[in-house]
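1. Quick one: sequence plus predicted model below, questions after.
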Amino acid sequence: MSLKVKNWVLVFIWASFIFFLSHQPFLKSGLPSQWDFILRKIAHISEYAILTWLLIRALKEYGLTNRKILILAISLSFLYAFSDEYHQTFIFGRQGAFRDVFIDSVGILITSQLARNKKIP
């Protein structure tokens, strides 16, 4: 399997994992509510930080400038975050929230800033 295909497979697997989690009704950690809230928001940030990193890796295989890679990775991650929240509006016990897209964007921006500063491969 070529590196290009492998990188896109990893993006697809991670996006599928995010979709799977979003499809779970009443997804709770069992922790007290304030800790559950914090854990869920950290999960949002982490999920999209990883997705952005995987997208950056996949897009590097196309010989694009770093600027174009970051713009595409940020855009695709943000669109997926938005579509994921929309998806949750159809799941019993879940709700889509624009606030969560904003929280997802924190992870997206952290990863893109690290990549811009060459802190991540």
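-> Arrived safely, thanks for sending. None of these values were measured; they are calculated from a predicted model.

2. Assign Arg94 to helix, strand or coil.
-> Look at Arg94: counting by DSSP: H, G, I helix; E, B strand; the rest coil, its state is coil.

3. Hmm, it is touching Tyr86, no?
-> No - in this structure Arg94 lies outside contact range of Tyr86 using Cβ atoms under 8 Å: 11.2 Å. Backbone N, C-alpha and C define where each C-beta goes, glycine included.

4. more crowded one of the two?
-> Neighbours per residue, other Cβ atoms under 10 Å: of Arg94 and Tyr86, the larger number sits with Arg94, 17 against 12.

5. Now do the contacts for that one.
-> 22, 24-27, 88 (Cβ atoms under 8 Å, 6 or more residues apart in numbering).

6. Tell me if I'm right that Val53 and Thr111 touch.
-> To be clear, residue 53 is Trp; Val isn't right here. Yes - the pair Trp53 and Thr111 passes the contact test of Cβ under 8 Å, sitting 5.0 Å apart.

7. Could you list the buried residues of the longest helix seen in the chain?
-> Counting residues, the longest helix in the chain under DSSP state H turns out to be helix 33-59. Residues 43-45, 47-59 are the ones in helix 33-59 that count as buried (16 or more other Cβ atoms under 10 Å).

8. Show me what it is packed against.
-> helix 3-22, helix 66-88, helix 98-116 (3 or more Cβ pairs under 8 Å, 6 or more residues apart in numbering; DSSP states H and E).

9. orientation of it relative to helix 66-88 in degrees?
-> Angle between the axes of helix 33-59 and helix 66-88 is 140 degrees (criterion: axes from the mean of the first three to the mean of the last three Cα atoms, to 10 degrees).

10. Contacts for stretch 74-82 next, please.
-> With Cβ under 8 Å, 6+ apart, stretch 74-82 has contacts from 15, 18, 48, 51-52, 55, 100-101, 104-105, 108-109, 112.
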